[in-house]
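**Student:** task: produce atomic coordinates for the following.
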Amino acid sequence: MKRSGSADLPLHYGHVPPWLAQRMAKLGLAITEAILAEYGKAEVIRRLSSPFWFQSLGAVMGMDWHSSGITTSVMGALKKAINPLSKELGIYICGGKGKLSRETPNELLRVAEKTGLDGQMLVRSSKLSAKVDNTAIQDGFQLYLHNFILSSEGDWAVVQQGMSDFSGTARRYHWHSENLKSFVEEPHTGICGLNQGKILNLTAIGANPTRKAMIGLTSESPSRMMAEIQKLVLPNHHEVKAKDVDLKRLGSILWLAQEKRPDNFEELLLLEGMGPRTLQSMALVSEVIYGTPSRFTDPARFSFAHGGKDGYPFPVPINVYDETIGFLRQAVEKAKIGNTDKQDAIRSLHRIASNAEKDFTPNMDFEKVIEQERKDSWKYGGRTVFGKEQPPKNDQLSLF
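**Tutor:** So this is what the prediction gives:
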């Protein structure tokens, strides 16, 4: 079994306000449809199995860039938006948090009836992936969320999350059906994270006699970490700091959107009427859709698309968020009838930003970038869980 990665996240409590939850569902659906149109169903499953891409998706959707709440809110938004269109899209999302996770087997059996897939095999895969992370691998995290995502062709991913009251963190586990071999003997390409001391690992080769005899348990400490495993450990600080972001990548997008737009830029993009601030968000959304895996090593950068509900790095710019959804939805709908101009234009945003990045030297004041966003937030309908933003009295700031 290929376990594609895991992520350690600070444990946060709270809720997603309705004004953000609705937009997350719309943007999540639009991004999913764009990926389906460009790459197909297997790629949607593969991306959801990547902890770095998943975290970047949550950040670009306006969630707190590093908190445990990203998992619940992103999967909830995707399930709400995608499942009513599952027959058309060929993507199904089962399970959820708490009691919803226990409904996963029944949901999978219903999907199997509609698609002709082997329902019992899917249920077995769901249960075993949870058992491995919760029981066979006892690392101090107790699962409380389990989502099983599958395509009508049988590819699947698991996104599940455990909580550790001792460390005050949550750990998210990602699984991918590709290269399925065994759940019970070395099923992972690697397990790594903050050292919790000795753990119970019944999937180790050395535990084979124990598994066969069922007379005891073997406790051993992992002694190696394979390079192929993707591991994302996020810091405790809530604010976004310069060290959390690839400044060259972020700076090239800000430079492109605010300073050095080519003369033929709007003609090139076929996105007339798009202002610099929405262009900034669309460039980051474009990267979530078209970027390669190496582009997601700094998920915090994607919070510069639509901020965060708690105000980090800045309040959610509602007006910009809605414009982003609108442009992306137009592109998806036009592509369905064979008109790919807008879709090509959005793809070109990622390409142009990547090319600009090659020779770009960041000389911006990172803190002033955030301060300017906060100062301008009221212009974009800025909003957090604490309320709507009001116009400040500070003077204009220079970002570069």
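**Student:** how many neighbouring residues does residue 102 have?
**Tutor:** 11 (other C-beta atoms under 10 Å). No exception for glycine: its C-beta is placed from N, CA and C like everyone else's.
**Student:** err, residue 87, not the other one
**Tutor:** 11.
**Student:** same question, the one 5 residues further on
**Tutor:** By other C-beta under 10 Å, 25 other residues sit near residue 92.
**Student:** packing partners for the helix or strand harbouring it?
**Tutor:** Assigned by DSSP states H and E, residue 92 belongs to strand 91-97. With contacts taken as 3 or more C-beta pairs under 8 Å, 6 or more residues apart in numbering; DSSP states H and E, strand 91-97 sits against helix 41-48, helix 69-82, helix 104-115, strand 142-151.
**Student:** what mean pLDDT does the helix or strand residue 329 falls within get?
**Tutor:** Counting by DSSP H and E, the element that carries residue 329 is helix 318-336. Mean per-residue pLDDT for helix 318-336: 91.
**Student:** residues of that helix that come out buried?
**Tutor:** Residues 318, 320-325, 327-332, 335 are the ones in helix 318-336 that count as buried (16 or more other C-beta atoms under 10 Å).
**Student:** just put those in a markdown table and tack on distance to residue 277.
**Tutor:** A markdown table is the format used below for the buried residues of helix 318-336 (distance: C-beta to C-beta, whole Å):
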| residue | distance to residue 277 |
| --- | --- |
| 318 | 12 |
| 320 | 5 |
| 321 | 11 |
| 322 | 12 |
| 323 | 9 |
| 324 | 10 |
| 325 | 15 |
| 327 | 13 |
| 328 | 16 |
| 329 | 19 |
| 330 | 18 |
| 331 | 19 |
| 332 | 22 |
| 335 | 25 |
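**Student:** nearest to residue 63, of the residues you listed?
**Tutor:** residue 321 (12.2 Å; C-beta to C-beta).
**Student:** the stretch 201-350 of the chain: helices as residue ranges?
**Tutor:** For the stretch 201-350 of the chain, helices defined by DSSP state H, counting those that start in this stretch occupy the ranges 208-213, 247-258, 265-269, 276-290, 303-306, 318-336, 341-358.
**Student:** TSV please, covering the ones you listed and showing distance to residue 92.
**Tutor:** Formatted as TSV, those follow (distance: least, C-beta to C-beta, whole Å):
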stretch	distance to residue 92
helix 208-213	32
helix 247-258	34
helix 265-269	34
helix 276-290	21
helix 303-306	27
helix 318-336	19
helix 341-358	25
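**Student:** give me the sheet partners of the strand holding residue 92 and which way each runs.
**Tutor:** strand 142-151 (antiparallel) (DSSP bridges).
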